[in-house]
Structures are given as structure tokens and as C-alpha cells.
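Enquirer: Got a predicted structure here, sequence first:
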Amino acid sequence: MAGSSHGHTPAAWTGVTIAFIGFCVSGAYMVMAQPLGFWAGMVIVVLGGVVGMVMRAMGMGQPKDAHAVYEKAAVRSGSAATSTTEPAAVQS
């Protein structure tokens, strides 16, 4: 994942940040034994995922064809001129 810059986009950072805030809210209300606050935090967690997906659909996420892992697999297999759509280990 580190070789493909996985998660280094505004969509990923925003979605994870919102989900983390929801996790903290949920955890605090769980300790305080307040079920309504706990579920409100869980709604915020889900909202983080929705916001991340919407931002990705708006073009703020990483495109699927931008993964350097696939390009490195093509270079290693000797077919540098053609780019593969799957890693070399998956191909038959």
C-alpha cells in the first residue's frame, strides 16, 4: 500500500477524520452509559464513510488506474510496454 500512495487523498483523509470523531463520540457516550449518544456517534462513523465515497465520486480520491504496484508488476514481468490491470501474482 505504501508504494501506491494508498489513502493519501482529500477524500480518504476527510472520511477517516469524520469516522474517528464519531468513534470518539461513541466511546465517550458508551463510558457514560448513554445509549442515545453512543448511537449518535455510530451515525457519525457511517457519515464519514459516506462523505469519503461522495468525495471520491467527485474526483477527490485516487483513480483506480493510478496504482504504482500494477506498473511495477508489469516492469518485473518484462512487459513494460503494456500495463496490466491486475498484479502479476493474480494473473494465470
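Expert: Nice, thanks for sending it over. Residues are numbered from 1 along each chain as shown.
Enquirer: CA only for contacts and neighbour counts going forward, please
Expert: OK.
Enquirer: if I pick the closest residue to M55 other than its chain neighbours, what's in contact with it?
Expert: The shortest distance from M55 to any non-neighbouring residue, by Cα to Cα, 6 or more residues apart in numbering, is to A11 (5.1 Å). Taking Cα atoms under 8 Å, 6 or more residues apart in numbering, we find A11 in contact with 51-53, 55-56, 60-61.
Enquirer: Now render those residues as CSV, adding distance to V31, secondary structure and pLDDT.
Expert: Putting the contacts of A11 into CSV (distance: Cα to Cα, whole Å; DSSP: H, G, I helix; E, B strand; the rest coil; pLDDT from 0 to 100) gives the following:
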residue, distance to V31, secondary structure, pLDDT
V51, 27, helix, 94
G52, 28, helix, 90
M53, 30, helix, 91
M55, 33, helix, 90
R56, 34, helix, 88
M60, 36, helix, 80
G61, 35, coil, 80
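Enquirer: Considering those, which possesses the most neighbours?
Expert: Counting neighbours by other Cα atoms under 10 Å, G52 leads the contacts of A11 with 25 neighbours.
Enquirer: Look up how far T14 lies from that one.
Expert: 6 Å (Cα to Cα, to the nearest Å).
Enquirer: Could you pull up the contacting residues of I44?
Expert: 18-19, 21-23.
Enquirer: brain fart, P35
Expert: Y29 are the contacts of P35 under Cα under 8 Å, 6+ apart.
Enquirer: Need the per-residue pLDDT for it.
Expert: According to the prediction, P35 has pLDDT 94.
Enquirer: Assign the closest residue to G52 other than its chain neighbours to helix, strand or coil.
Expert: Residue nearest to G52 in three dimensions, not counting chain neighbours: G15, with 4.3 Å by Cα to Cα, 6+ apart. Judged by DSSP: H, G, I helix; E, B strand; the rest coil, the three-state class of G15 is helix.
Enquirer: didn't G15 look like it was pressed against G48?
Expert: Yes - with contact defined as Cα atoms under 8 Å, G15 reaches G48; the gap is 4.4 Å.
Enquirer: I18 versus I44, what's the distance?
Expert: 7 Å.
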